[in-house]
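Novice: Predicted model and sequence follow; I will ask about them next.
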Amino acid sequence: MEALCRQNVLFMAISGDNQPHFTTLAKFISSQREAIIELFAQVLVICDREGLIGREMFAIDGVKLPSNASKARSGLRADFEREAAKMEAAVANMVEQHQACDAQGESGTAQQERDARRIERLRQEAAQIRQWLAEHPHDRPGVKKNSARQSNRTDNESAKMATSKGVVQGYTGVAAVDEKHQIIVEAQAHGVGQEQELLEPMVDGLGQQLRADTILTADSGYCSENSLSALERRDIEAYIPDGNWRQRDERFAGQQMHKDKKDPLWDKTPKSAPPKLFGPQDFQPAEDLSHCICPAGKRLYRNGQHHDLDGLKAVKFTGAKRDCLTCPLRAQCLRKPDTTPVRQVAIFIGRTPGKPEKALERMKRRIDTERGRQMIGRRFATVEPVFGNLRYNKGLDRFTLRGRDKVDGQWKLYCLVHNIEKLANNGYAR
């Protein structure tokens, strides 16, 4: 923008022929979150007035982007304590060596001067860590009870997140996109790597945008029992696949041969797959469930009473050492035949009485229907082009600010520009 204010006639007219420094522009943007939120809502009102928002289906997805934070300065409080102690120990060791050299009259060497500068640097870094620990007496709370997530000394609201291009220190930008004209109806940025935590905040942010018949879709990263239960309590129809939905969909049966390989000359012709391990379906239980017969014809004996495995009633069987240790099918039966002595298998016989069906199981059945598969395809076509526009056409490859509020404002600003572009092309342009 600084360069355009000097070179582009349109920008010269908008800026009144002023040429602001890029730091002035950055400071202005980082301090205008509330104004951006208000403007975002106003643009949505105009889009709705122009008929660009259908509210039939909202697709939710997110992108993990690095921010203005150092990945090397992430860790738990215990990690920072050890780092500071290590620096202080190194300083004490070098000081002791200097004192020994001074006693022998060997002071003033070039090595000692370099060590002196290093001592000063280590002292400053250790003092900074100690000050940060004093200002942050607790770790950031994690998802599970009594768990902690890593902190960051440059931006403690950011998170270390795994992406397809490696681990980054940054934020997750989440957007809810309307299907009709790909208008972003809600945008949020969170310093959280687990997308499962972000579905409920997005639903809360949608607010009055949701109608009674609005359908929500999201990818498998947002699928969790808590999130799905929350949607059911709100009576919201949703289609959010679990992590294994592709394995149950015959449309993805040959996806493995199309995946990228390191070797560019990799032969993609079908090859014989390695033999699969025997599964529970290969074991034949007796009518009284006292034992079952393995593929080798040996008996596995019942191990206790019925067991409850995630709401399902199962019977466990265990093989005898005299049979398993000498069995010729060990390699096909055990994952680790060298260390595992006997095979154990659990055969499900129904649902545990008194255990209600989970929301995740109901969602799996819904996804496996023809309508569920159609909704997955509609989600792809709705939200993925939006992120392509933001990341590549608009050049959003990283967040340049620190702190969740500032990053949230920057993310909403990019989404706001996307909506204005849609409005110009589909609203007033008609």
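Specialist: On my side now, so go ahead.

Novice: Report the secondary structure element holding D323.
Specialist: Taking DSSP states H and E as the criterion, D323 maps to helix 321-324.

Novice: following that helix, which helix or strand comes up?
Specialist: That would be, after helix 321-324 and using DSSP H and E, helix 330-333.

Novice: Relative to V345, how far out is Q281?
Specialist: In this structure, Q281 and V345 are 10 Å apart, going by C-beta to C-beta, to the nearest Å. The C-beta positions use only the backbone N, C-alpha and C, and glycine is treated the same way.

Novice: Neighbour count: those two, which is higher?
Specialist: Shown here are Q281 and V345; by other C-beta atoms under 10 Å, V345 has more neighbours (21 against 7).

Novice: Neighbouring strands - and their directions - for whichever strand or helix holds the more buried one?
Specialist: Element membership for V345 (DSSP H and E) is strand 344-351. Sheet pairing for strand 344-351, assigned by DSSP bridges, gives strand 312-319 (antiparallel).

Novice: Could you list the low-confidence segments of the stretch 251-400 of the chain?
Specialist: 256-274 (pLDDT under 70).

Novice: now the helices: where do they sit in it?
Specialist: Counting by DSSP state H, counting those that start in this stretch, one finds helices in the stretch 251-400 of the chain at the ranges 321-324, 330-333, 359-367, 370-388.

Novice: Which of those sits closest to V203?
Specialist: helix 359-367 (14.5 Å; C-beta to C-beta).

Novice: Work out for me the element L122 sits within.
Specialist: Using DSSP H and E, L122 sits within helix 110-135.

Novice: Against which helices or strands is that helix packed?
Specialist: helix 77-103 (3 or more C-beta pairs under 8 Å, 6 or more residues apart in numbering; DSSP states H and E).

Novice: For the helix it packs on, what is the distance to the chain centroid?
Specialist: 38 Å (C-alpha atoms, centre = their mean, to the nearest Å).

Novice: Could you check how far K298 is from G51?
Specialist: Taking C-beta to C-beta as the measure, K298 falls 70 Å from G51.

Novice: Of the two, give the one with the bigger neighbour count.
Specialist: Comparing K298 with G51 by other C-beta under 10 Å, the one with more neighbours is K298, at 18 against 12.

Novice: Provide a list of residues in contact with the more buried one.
Specialist: G319, A320, D323, C324, C327 (C-beta atoms under 8 Å, 6 or more residues apart in numbering).

Novice: go on, K64?
Specialist: Residues in contact with K64 (C-beta under 8 Å, 6+ apart) are M161, T163, V168, G170, Y171, T172, G193.

Novice: can you rerun that using 10 Å?
Specialist: By C-beta atoms under 10 Å, 6 or more residues apart in numbering, K64 lies in contact with 159, 161-165, 167-168, 170-173, 192-193, 195.

Novice: Of those residues, keep whichever come out buried.
Specialist: Buried members of those, scored by 16 or more other C-beta atoms under 10 Å, are A159, M161, V168, G170, Y171, T172, G173, V192, G193, E195.

Novice: Filter the residues you listed down to the ones in helices?
Specialist: Among those, no member is found in helices (DSSP state H).

Novice: Out of those residues, list just those in strands.
Specialist: Among the buried ones among the contacts of K64, DSSP state E puts A159, M161, V168, G170, Y171, T172, G173 in strands.

Novice: Out of those, which is nearest to P356?
Specialist: Nearest to P356 among these: T172, at 32.0 Å, using C-beta to C-beta.

Novice: in the sheet, who's paired with the closest one?
Specialist: Applying DSSP bridges, one finds that T172 bridges with K64, H190.

Novice: Please apply the same query to K313.
Specialist: Under the criterion used (DSSP bridges), K313 bridges to D308, G350.

Novice: just checking, it touches P353?
Specialist: Yes. Checked against C-beta atoms under 10 Å, the pair K313 and P353 is within contact range at 7.7 Å.

Novice: and the two? which has more neighbours close in?
Specialist: Set K313 next to P353 and count neighbours by other C-beta under 10 Å: K313 wins out with 15 against 8.

Novice: And the next helix or strand past the helix holding L122?
Specialist: With elements assigned by DSSP H and E, the helix or strand that comes after helix 110-135 is strand 140-141.

Novice: Pull up the pairing partners for that following strand, direction included.
Specialist: Applying DSSP bridges, strand 140-141 is found paired with strand 148-149 (antiparallel).

Novice: what's the next secondary structure element after the strand it pairs with?
Specialist: Going down the chain from strand 148-149, the next helix or strand is strand 151-152, by DSSP H and E.

Novice: C324 touches L300, doesn't it?
Specialist: Yes. Look at C324 against L300 with C-beta under 10 Å: they come within range, at 8.9 Å.

Novice: who touches both of those two?
Specialist: What both C324 and L300 touch, as defined by C-beta under 10 Å, 6+ apart, is the set C294, T318, V342, R343, Q344.
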